[in-house]
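>>> Just to be clear, the model below is a prediction. Sequence and coordinates:
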Number of protein chains: 2
Amino acid sequence: MKFKILPFALALLLIINLTELAYSDDGYRLWQRYELLKDPQKLQQYRQNISGVLIQGTSPTLTVTRQELDMALSGLLGQNVKNQSEITANALVLGTPENSPLIKSLNVTSKLAKLGTEGYLIETVAVKGQKATVIAANSDVGVLYGTFQFIKLLQTNQDITRLSISSTPKIHRRILNHWDNLNRTVERGYAGFSIWDWHKLPDYIDQRYIDYARANASIGINGTVLTNVNANALILTPAYLVKVKALADTFRPYGLKVYLTARFSAPVEIGGLKTADPLDEQVKAWWKNKADEIYTYVPDFGGFLVKANSEGQPGPQNYGRNHADGANMLADAVADKGGIVMWRAFVYDNKVPDDRAKQAFTEFKPLDGKFRKNVLVQVKNGPIDFQPREPFHPLFGAMPQTPLMMEFQITQEYLGQATNLVYQAPLYKETLDADTFVKGAGSTVAKVVDGSLHQYNLTGMAGVANIGNDRNWTGHLFGQANWYCFGRLAWDHTLTSEKIADEWLRMTFTNETAFLNPINKMMLQSRETLVNYMTPLGLHHIMGYDHHYGPGPWIKDKKRADWTSVYYHKASPEGIGFDRTATGSNALAQYAPGVQKLYGKAETCPEPFLLWFHHVKWDFKVKSGRTVWDEICHRYYSGAAMVGEMRKTWDATQSYVDAERFNHVKMLLLIQEKEARWWRDACVLYFQTFAQRPIPAGLEKPTHSLEYYQKQDPKFVPGI
Amino acid sequence: MKFKILPFALALLLIINLTELAYSDDGYRLWQRYELLKDPQKLQQYRQNISGVLIQGTSPTLTVTRQELDMALSGLLGQNVKNQSEITANALVLGTPENSPLIKSLNVTSKLAKLGTEGYLIETVAVKGQKATVIAANSDVGVLYGTFQFIKLLQTNQDITRLSISSTPKIHRRILNHWDNLNRTVERGYAGFSIWDWHKLPDYIDQRYIDYARANASIGINGTVLTNVNANALILTPAYLVKVKALADTFRPYGLKVYLTARFSAPVEIGGLKTADPLDEQVKAWWKNKADEIYTYVPDFGGFLVKANSEGQPGPQNYGRNHADGANMLADAVADKGGIVMWRAFVYDNKVPDDRAKQAFTEFKPLDGKFRKNVLVQVKNGPIDFQPREPFHPLFGAMPQTPLMMEFQITQEYLGQATNLVYQAPLYKETLDADTFVKGAGSTVAKVVDGSLHQYNLTGMAGVANIGNDRNWTGHLFGQANWYCFGRLAWDHTLTSEKIADEWLRMTFTNETAFLNPINKMMLQSRETLVNYMTPLGLHHIMGYDHHYGPGPWIKDKKRADWTSVYYHKASPEGIGFDRTATGSNALAQYAPGVQKLYGKAETCPEPFLLWFHHVKWDFKVKSGRTVWDEICHRYYSGAAMVGEMRKTWDATQSYVDAERFNHVKMLLLIQEKEARWWRDACVLYFQTFAQRPIPAGLEKPTHSLEYYQKQDPKFVPGI
């Protein structure tokens, strides 16, 4: 038939035009858009070098690998690539030595030996005299990871003619934490409601569950905690376990393991026991039985995540026991099945401490070495609570005998929530690259977390998910970049923020440099911009009460002092900032001497942490030569002004982005600018009541009075 | 260039293959899918007969009309159809006599005169010697409605060569009621959460708002009540009115007017008054000012919907006033701006009545003729509460001097909620076609509602929406058919259920008769099937407590007797059913003599309403010759068995439906079958405890014991 000889590119030209008319892009496909590549030379190269696909093996994981390749290649290359069982020139060969005689016959065994269970290699090799591209690993899921990496090479227009790539994750457990409640509300969720439709499970498997697993596998995330750390014991009952099983079955081919949050008082609430004391034999037996029961539903169940004795959650302290007692009891219950316990270090004592920043260290440091081998203590990146900027958590330099799991927050509780564009890789990297000095200079937090510093055998990184049932998953399209960068950094924390942004932008939008350069730069600056209009110079915890939306530096007189703002900024007619040196709370003493030296003196303390560690007078001179008052003002104003620049930068990209996504970001940036000015005006006016100094010349007047801002009382803020 | 001469159909063949690989269909596009038509002859006819589009006029409504045509024609015909300003052969000419000299020059003025403000005509005519297709109306929105009708002709493969169509809505106000709360939960919502993202309004206009307006306009819905009848006064404050304005501005080009629910106690709650007494001058003034304020935001604000003195909502009775006092006070507040008040007749007295079915009549009948001209009394289709089957509400035969608005429930509170396939046109039609006999035989409910019987100048039909933020809008794909049929019947209640299903199926799936015939039949039977496995023979209100999910015929001893099941089914060792004749509650006396005659005797009462109106002995013989006990059993079993047949019918359509939507329905039908059996077993076992008779021979044993079913306690059921 005649159409077969039609030049393919021309037919595709028609296709693109028509599909662009028919489909608007709602962002659902994330970075896995698989649209026809636009660079004709690269397209030709890829078509020539991928003549067919040869996968030996039929496991569920290899089956979904094959499906993903079908979808990706037909989309990106605009043509179906045939499956074949014999080697031909330019074939793509995938498999493990175990299930593929072809892979076994290649000279990659020694290379594979270094790659562990999840690593992979991608190499251009000769197979039976034919040039081929090989994706090989020691496990099927390694092959899947390699396949996603290979697809990414195409999506980002890389040369694939002479490949020699190998990669192994630096951290074992790369896990999303969903703070999702069983009624589908999401605590601190700003992207709609929970994607887990518990009511229709187990019989209804939403396509979204599969796409969720695909997206996670594509960035190496290998675990998901389905439920909120503020836990409901019902998830541990059979009515829900059968639903958990359905999700676990769906995720399994993608290497994604399911974990649950364990409510510490579950033995009382659903078990009928009188106590949840972790040293009580009945309690131990109950948890062991419960764990065994869970494993009948989910044979590869990952284990428990626990928030105990924090913000009202029950825990071992209710029974006079400590965190190790609680964690170890649960760890024993899952140990024989290979399960782990992630025990959170985010704790609140009933007594309000002199410095909230010291709490976790105080409670956990004495327990170092007391935890079972299958326990990870999960520590937030900073000692307060996911602020726009915090110094690294002192526990990272204090627990050489206890594997510490990093907990980052991907959802933007304190980072502008539903509406602000904030690329978080620089925030994550700042913590990971920070030096604990615990074994001398170079003892970075990353080396603690990846186990290389203290030789942990179990390592982990958790990200509190920003995923909801909004059509684009993350509410803000650029929130997808934070899910993405979390996964990439959990796999390899040495990647740069810029490199990760580049990957994400190319896959999500376009390979055009005229788009990539300005938008990448905008992303890289976005976190510092937000710090400036929210919490410059080390200020922290001055947001709206409870919902945490908008500015609230005036918050005081609440149930607990450490839930107020004045507790943290300590503004007074003399000055501003929290003295955490020896003259103050001495939280700094929880760090190694190298860190103490770095931050110890206001005059030399890096400015990003000035008011975190020091209380300084309003006329204290900072590096710019300005007084701290003037500098605060300049930061707030320049932060807000930068959002105006972001809007201009985005507006200039209109020709590179489809209308729906372009307008989506454009509208949100307008809201962000309004919110940045709201923060700016409210905070400057409030701090001015102490500083009693004018807003520096040249800066515009705030739009409203302080009273106006203090009266703002937003209702039904999402995420609570 | 060579590709220009490529036969277009062949190029499109390629396109379809590739897009089908790249895109799965999530149902988001509803019945507006605009995919390339598959019938080559029709495609040719349409291309030949639509050579260009000529719209004179630039109003927002005509602009979106043009956009819709662009999208539809490029999708359906696979080619762009040019806009033109001069008439040519086979042009599509759109407009009103007022803004289009061309339309004015045609001989359609007298025809248009009969079509009112919203009607349209579509005619094949000669214009300046050229054959053309004209879509004309007296208003721009009429042109838009005609355009959607024209697009539908193409979608459903109708001949367009000799068109002569005219249509006018039979009912003025065709309105969706959203029971959406400001925190985005949806009362009785089973499709996720509210599509109104109040937090990001007014600056963020979700594409979904536009697509919502498009969908509604396409079926003639011209109003939307944004908020729950269980109202929150905050919606009336400036912080929310600015958001309401943003939605109204988005909807306006599509002829979709915004209404709000008014919390009767708002003058106290947000107005600072001490009373909400409708006869208090301050209260009247407050509402007048509030209405004026709303009109400054939304100049074409439609008016208020009010639930008062019902289920805990405040109302005029709190101040010793009646419903007319309350409604008229609000009606006066909006009258000068053309607003209306929809005052619901779904009321609860504080005293539990002997028969809940009589309540509304008792309260409203005495008020007939006492309401302002801009008040509609909104009456549910039946006297209890949206049961699978109810007789028509007695008020429809009792208020000749008061315009009555029909309230149907589209969301499936009592119809299997999130998971059951139930096509509701037969239910709506059953009520609309019912004869009130109020002006003799033929006085159908439809004639009451459309104003023709009592010459109401104001008419309306409300549908409680089944829309949420699920990707496919309605949770169950077939729920879209209920949104669709509500709109179609509100426009023209004489349409048959079959015709509407046919339209919807063709647009949503395919024009293939091998698909259409069995699936249309399945839809038409689905409601009767559900009645059989839930509430056969006139049983009603025997569902689970509070959440209304699953069977609960045993519910008793609750706060109010009329919130229990035993109150309604009155099963005893003697018999079953609610005697609503003169020997019982005499609710039947609220109907006209013709209706009384129809239902008055158990022996002649139509079986669908037997146990609604009569208490009969277990051995009472029904038409089948069975005892009522045996008949109940047979109905429950045949209903559940029919769902098995539905599954087979659906499974046979696999080749006509894309994988995602096919599997979606398939999984839900499996759940529906489980739930139908649950209803069957639970109800049969429960009623057997009274009947003390065996389940008839040949029917399988229930799977579990009655105790098992009574113990079922589903948690976190959606919609509450």
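Yes, it's here.

>>> Tell me how many other residues surround residue A:468.
Taking other C-beta atoms under 10 Å in any protein chain shown as the neighbour definition, residue A:468 ends up with a count of 28. (Each C-beta comes from the backbone N, C-alpha and C, glycine too.)

>>> That one: what's it in contact with?
The contact partners of residue A:468, taken as C-beta atoms under 8 Å, 6 or more residues apart in numbering or on different chains, are A:186, A:189-195, A:474-475.

>>> go with 6 Å
Residue A:468 is in contact with A:186, A:189, A:191-193, counting by C-beta atoms under 6 Å, 6 or more residues apart in numbering or on different chains.

>>> Regarding it, what is its secondary structure?
When the structure is reduced to helix, strand and coil (DSSP: H, G, I helix; E, B strand; the rest coil), residue A:468 reads as coil.

>>> any idea how far it is from residue B:184?
To residue B:184, residue A:468 is 11 Å away according to C-beta to C-beta, to the nearest Å.

>>> and what of residue A:541?
Using C-beta to C-beta, which is the criterion applied here, residue A:541 is 27 Å from residue B:184.

>>> Neighbour count for the two, which is higher?
Neighbours per residue (other C-beta under 10 Å) separate residue A:541 from residue B:184, with residue A:541 holding more: 25 against 22.

>>> From what I see, the more buried one and residue A:567 are in contact.
No: under the criterion of C-beta atoms under 6 Å, residue A:541 is not in contact with residue A:567, lying 7.6 Å apart.

>>> what residues are shared contacts of the two?
Here residue A:541 and residue A:567 have no joint contacts, going by C-beta under 6 Å, 6+ apart.

>>> Which residues are in contact with the closest residue to chain B within the stretch 451-600 of chain A?
Per C-beta to the nearest C-beta, the residue of the stretch 451-600 of chain A with the smallest distance to chain B is residue A:469, at 6.0 Å. Contact partners of residue A:469, counting by C-beta under 6 Å, 6+ apart, are A:192-193, A:195.

>>> run the last query once more with 7 Å
If a contact means C-beta atoms under 7 Å, 6 or more residues apart in numbering or on different chains, then residue A:469 has A:192-195, B:192, B:469 as its contacts.

>>> do residue A:148 as well
With contacts defined as C-beta under 7 Å, 6+ apart, the neighbours of residue A:148 are A:217-218.

>>> And the helices in the stretch 251-400 of chain A, which stretches?
Remark: helices of the stretch 251-400 of chain A, listed N- to C-terminal, are A:266-269, A:281-297, A:323-335, A:359-364; assignment by DSSP state H, counting those that start in this stretch.

>>> Mean neighbour count, those helices: which tops it?
The densest packing among those, expressed as mean neighbour count by mean count of other C-beta atoms under 10 Å in any protein chain shown, is seen in helix A:323-335 with a mean of 24.

>>> and it, what other elements does it pack with?
The elements that helix A:323-335 packs onto, with contact taken as 3 or more C-beta pairs under 7 Å, 6 or more residues apart in numbering or on different chains; DSSP states H and E, are helix A:281-297, strand A:303-306, strand A:340-344, strand A:375-380.

>>> out of these, nearest to residue B:416?
Between residue B:416 and the helices and strands packed on helix A:323-335, the shortest separation by C-beta to C-beta is 27.3 Å, and it involves helix A:281-297.

>>> now that closest one and helix A:323-335, what's the angle there?
Here helix A:281-297 runs at an angle of 40 degrees relative to helix A:323-335 (axes from the mean of the first three to the mean of the last three C-alpha atoms, to 10 degrees).

>>> quick one, domains of chain A?
In the assignment given by automatic domain parsing, the structural domains of chain A cover A:29-167, A:173-508, A:532-578+A:615-710.

>>> So for the residue of the stretch 451-600 of chain A closest to chain B, what's the nearest residue that isn't a sequence neighbour?
The shortest distance from residue A:469 to any non-neighbouring residue, by C-beta to C-beta, 6 or more residues apart in numbering or on different chains, is to residue A:192 (4.2 Å).

>>> and the one you found, how many neighbours?
Neighbour count for residue A:192, taken as other C-beta under 10 Å: 25.

>>> so who does it touch?
With contacts taken as C-beta under 7 Å, 6+ apart, residue A:192 has the following neighbours: A:468-470, B:193, B:469.

>>> so where is chain A shaky, pLDDT-wise?
Flagging of chain A using pLDDT under 70 yields the residue ranges A:1-23.
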